[in-house]
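In: quick one, fold the following:
(2 chains)
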Amino acid sequence: MNGARIIVESLKKEGVDTIFCYTGGAVIKIFDELYKHGEGLKLIQPRHEQGGTHAADGYARSTGKPGVVIVTSGPGATNTITGIATAYMDSSPLIVITGQVSSTLIGTDAFQESDVTGITMPITKANYLVKDIDDLAVTIKKSFFIATTGRPGPVVIDVPGDIQRQEADFNYPDTIELMSYRPKDTGHPKQIKSTIKLLSKAKKPLVLAGGGVNLSNATGEMNEFLDKTGIPVVHTLMGNGVNPADENQFLGFIGMHGTLYGNYAIQNADLIMAVGVRFSDRIVGNSETFAKNAKIIHIDIDPAEIDKNILVDLPIVGSAKSILKEINNVDLKIDITEWKNELINYKKENPLSYGKGKLIKPQHIIELAEKYFPEDTVVVTDVGQNQIWVAQYYRIKQPRSFLTSGGLGTMGYGLPAAIGAAVGNPDRQVVMFAGDGGFQMNMQELGIIRKYGLKVKMIILDNSYLGMVRQWQELLFEKRYSGTDMEFNPDFVKLADVFEIRSVFLKDPDKAETVIKELAESTESMLVHIAVDPDENVLPMVPAGKALDEVLTKL
Amino acid sequence: MKTDRILTDHIVSVLVHNNPGVLSKITSLVTRRGFNIDGISAGPTRQNDMFRLTIVVKGDDKSIEQIQKQLYKIIDVVKVAPIIKSRMVGREICLVKIKASLSDRHEVLQIINVFKANVVDVGGNGLIVEITGDSDKIDSFLALLESHQIVDVARTGIVAMNRWDRPYK
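Out: Numbering: from 1, shown residues only, chains lettered A, B, ... in the order given. Prediction:
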């Protein structure tokens, strides 16, 4: 069997059903084998390798299965870099197979040669250049194992053209063990015991749910824990999806643009159980004052996250799912009525709010979308104001249903990720929110929505600015709006029309409800281009590096 | 922002699978996390495909711990062990090329004797000397030779192990 066929057969062995791929000189052989032997493999061909990589990422995040990408050498591979870095920062499992020039040509600056393993080193969990056909199958096995276990992440496999053409026997290993990689699933029993002790003594406990809860499919266990104990919960951007039965327990998301009550809870708690978080600067603000009254329990599968950004009192290394299960097995008796009442009152007095006006408020659109889209909708955002408004105003109640570029903050993520989610979830609705800036960064991917008969609902919140930066300029640079003006935006309705996608322009606040309802009920893809109030800001806001209680409620 | 970090030399011993690119993965990771490598040495171990690296970096205690955890995340890294200064055995080899005329040689040879260094090459214009020892010994050896004409110095960087027993207190 030749190397290209080995790749195809290995992917089948891994149960892959979808490949996001873009052909080229150095993968032509793989595409040929896919043509001949690719039964059961759906090929999604983006319009740009970056779009393809984000789509695979969106597929992975929404389904929990690794996203597979195949691209050619040189520019094909370098175009995936932003997508790989995005996936790496948010721990999304990707397998990126890149063609490479023949091994005899490596190092000669051959046509479409680039040092892919060198370039991707700092943005992958592991990467491999396959130099021997006999290593190919086992490298693929290893890559899937590494990408999907422990803290997930992208893995790159670089396969030279001659390796794709060489012949070898196909032996795909059933299991694999790596001496130097053994992720720990279960938490240390002693640490779990200490957790129970701390929880039962706490007067003002709080749960901080992070992306790890989604990644380890622990939302069920998390909700069970919250329901059993009644402990209030806040979440990070990536932790969206926790859903306690008692709405009073839910305090939204925290950090730079967190809710007032969420950040209040952090600053006033006496115990924080942080699950699957990495305490990023956008969550912590000032690390000296973050949760200054609280002991912190940190549950995470990656030991390197312990004490990285925040010194914690009690670390437990292991998967969120297994540790929460253990904790749920214990009958916890806690009485925190006073604390809960304090938070309920604070939440009542300091709700999220925005003004009304003659122009459409983006927050209103998001509330309408939440009202009309079903609960199991996959909600995808781009990056910037649109992203934070959705995080604030769209209550996500299902796991793996909020896709956003949290760590890298990649503008242009929204549309292709939504496409990937639609590919992986044909029975669910997918709604994308993007600003006029980010949408244009990968709008070429509109081209494949019709091609594959996908159903993606798109909302462009157009304020003709790069709004988040404009907001910083308003706050910190005396309104010198340098480089944030988006004059000469295209007519997005016409644009969608070119790609044969139904589209509507919306400017009148009175028509918003009808249009969003129509969008939610539409049986085909649809784009709504909305002119929103250009001066609207994301609030509340904790300026970078400040304490979570040094918050601005207006600019 | 902490600006008052106390930076000291730290030595980390790293056992790795000698797969292609592993050395550059390790050095780039250390650099990426904001450390400068002051010394690095690598060589095979008793196990077939394993290499041991000894890395000397400057950093504060907390960030050194973080570096060790990050090193573990490289799939080819099998073991990361800090070398504890108070109980380590550390050795370095240094070759020194010294210009020394016949009349100067006597004095140079005396220094060499005192330090138990070896002359490994003799030429018409000078010598090459090899010295093994901890870094301090090599530093003082080189300092004493300053007054003579050192043409070239090549140091291996430190290799180190923790002692069997804790030092007697």
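
In: what about A:Arg61, neighbour count?
Out: Neighbour count of A:Arg61, defined by other C-beta atoms under 10 Å in any protein chain shown: 31. For the C-beta atoms, the positions are set from N, CA and C on the backbone; glycine is no exception.

In: CA atoms of the helix or strand where it lies as CSV?
Out: If you go by DSSP states H and E, A:Arg61 is part of helix A:49-63. Extracted in CSV, the C-alpha atoms of helix A:49-63 (Å, rounded to 0.1, in the frame of the first residue of the first chain):
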residue,chain,number,x,y,z
GLU,A,49,-6.7,27.0,4.1
GLN,A,50,-7.2,29.3,7.1
GLY,A,51,-11.0,29.0,6.7
GLY,A,52,-10.6,25.2,6.4
THR,A,53,-8.6,25.1,9.6
HIS,A,54,-11.1,27.2,11.6
ALA,A,55,-13.9,25.1,10.2
ALA,A,56,-12.2,21.9,11.4
ASP,A,57,-11.8,23.7,14.8
GLY,A,58,-15.5,24.6,14.9
TYR,A,59,-16.3,21.0,13.9
ALA,A,60,-14.1,19.7,16.7
ARG,A,61,-15.4,22.0,19.4
SER,A,62,-19.0,21.4,18.7
THR,A,63,-18.8,17.6,18.2
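
In: please name the nearest non-neighbouring residue to the residue of the stretch 401-550 of chain A found nearest chain B.
Out: Residue nearest to chain B within the stretch 401-550 of chain A: A:Gly545 (8.2 Å; C-beta to the nearest C-beta). Spatial nearest neighbour of A:Gly545, excluding adjacent residues (C-beta to C-beta, 6 or more residues apart in numbering or on different chains): A:Asn286 at 5.8 Å.

In: would you agree the one you found is in contact with A:Lys546?
Out: Yes - at 5.8 Å, A:Asn286 counts as touching A:Lys546 under the criterion of C-beta atoms under 8 Å.

In: got any ranges where chain A has weak pLDDT?
Out: The model of chain A has no residue with pLDDT under 70.

In: er, chain B I mean
Out: Judged by pLDDT under 70, the stretches of chain B that qualify are B:1-6, B:167-169.

In: domain ranges for it, per the record?
Out: As assigned by automatic domain parsing, chain B contains the domains B:8-83, B:89-162.

In: chain A is nearest to which of those?
Out: domain B:8-83 (3.7 Å).

In: look up how far A:Glu113 lies from A:Tyr22.
Out: 18 Å (C-beta to C-beta, to the nearest Å).

In: so for these two, which sits in the more crowded spot?
Out: Neighbour count, other C-beta under 10 Å: between A:Tyr22 and A:Glu113, A:Tyr22 has more, with 23 against 19.

In: wait, the more buried one sits on A:Glu49?
Out: Yes - shown here, A:Tyr22 and A:Glu49 form a contact pair, counting by C-beta under 8 Å, at 5.2 Å.

In: now list whatever residues contact both of those two.
Out: A:Val71, A:Gly76 (C-beta atoms under 8 Å, 6 or more residues apart in numbering or on different chains).

In: chain B contacts on the stretch 101-250 of chain A?
Out: A:117-118, A:121-122, A:125-126, A:129, A:131, A:146, A:178-181 (C-beta under 8 Å from any C-beta of the partner chain).

In: which of these sits closest to A:Leu519?
Out: A:Lys125 (37.6 Å; C-beta to C-beta).

In: how many residues are close by that closest one?
Out: Around A:Lys125 there are 24 residues (other C-beta under 10 Å).

In: which non-adjacent residue is nearest it?
Out: Excluding the flanking residues, the one nearest A:Lys125 by C-beta to C-beta, 6+ apart is A:Gly153, at 3.4 Å.

In: from what I can see the one you found touches A:Ala85, true?
Out: No - in this structure A:Gly153 lies outside contact range of A:Ala85 using C-beta under 8 Å: 10.9 Å.

In: between the two, which has more neighbouring residues?
Out: Between A:Gly153 and A:Ala85, A:Gly153 has the larger neighbour count (other C-beta under 10 Å), namely 23 against 20.

In: list the contacts of the one residue in the stretch 301-450 of chain A that gets nearest to chain B.
Out: Closest approach between the stretch 301-450 of chain A and chain B, counting by C-beta to the nearest C-beta: A:Ala304, at 3.7 Å. Residues counted as contacts of A:Ala304 (C-beta under 8 Å, 6+ apart) are B:Gln66, B:Lys69, B:Gln70, B:Tyr72, B:Lys73.

In: just checking: which of these also lie near chain A?
Out: Applying C-beta under 8 Å from any C-beta to those, those adjacent to chain A are B:Gln66, B:Lys69, B:Gln70, B:Tyr72, B:Lys73.

In: the residues of the stretch 101-250 of chain A next to chain B in helices, which ones?
Out: Secondary structure defined by DSSP state H assigns A:Thr117, A:Gly118, A:Ile146 of those to helices.

In: element containing the nearest residue in space to A:Gly276 that is not next to it in sequence, please.
Out: Nearest residue to A:Gly276, sequence neighbours excluded (C-beta to C-beta, 6+ apart): A:Gly212, at 1.6 Å. Assessed by DSSP H and E, A:Gly212 sits inside helix A:211-215.

In: got the buried residues for that helix?
Out: Using 16 or more other C-beta atoms under 10 Å in any protein chain shown as the test for burial, helix A:211-215 gives A:Gly211, A:Gly212, A:Val213, A:Asn214, A:Leu215.

In: and it, how far out from the chain middle?
Out: Distance of helix A:211-215 from the chain centroid (C-alpha atoms, centre = their mean, to the nearest Å) equals 10 Å.

In: show me what the helix or strand just after that helix is packed against.
Out: Stepping forward along the backbone from helix A:211-215, the first helix or strand reached (DSSP H and E) is helix A:219-229. In terms of contacts (3 or more C-beta pairs under 8 Å, 6 or more residues apart in numbering or on different chains; DSSP states H and E), helix A:219-229 is packed against strand A:205-209, helix A:320-328.

In: so what strands line up beside the first one?
Out: Pointing back at strand A:205-209 there. When sheet partners are counted by DSSP bridges, strand A:205-209 sits next to strand A:233-235 (parallel), strand A:271-275 (parallel).

In: contacting residues around it?
Out: So strand A:205-209 is contacted by A:199, A:222, A:225-226, A:229, A:231-236, A:239, A:242, A:254, A:265-266, A:269-277, A:294, A:334, A:336, A:339 (C-beta under 8 Å, 6+ apart).

In: and that strand with helix A:219-229, angle?
Out: Here strand A:205-209 points in a direction 170 degrees away from that of helix A:219-229 (axes from the mean of the first three to the mean of the last three C-alpha atoms, to 10 degrees).

In: only alpha carbons, please: show strand A:205-209 as CSV.
Out: What follows is strand A:205-209 as a C-alpha-only set of coordinates in CSV (Å, rounded to 0.1, in the frame of the first residue of the first chain):
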residue,chain,number,x,y,z
PRO,A,205,-18.0,29.3,48.2
LEU,A,206,-18.1,29.9,44.4
VAL,A,207,-17.5,27.7,41.4
LEU,A,208,-15.5,29.1,38.4
ALA,A,209,-16.1,27.0,35.4
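
In: for the residue of the stretch 401-550 of chain A closest to chain B, grab the count of nearby residues.
Out: Neighbours around A:Gly545, by other C-beta under 10 Å: 13.
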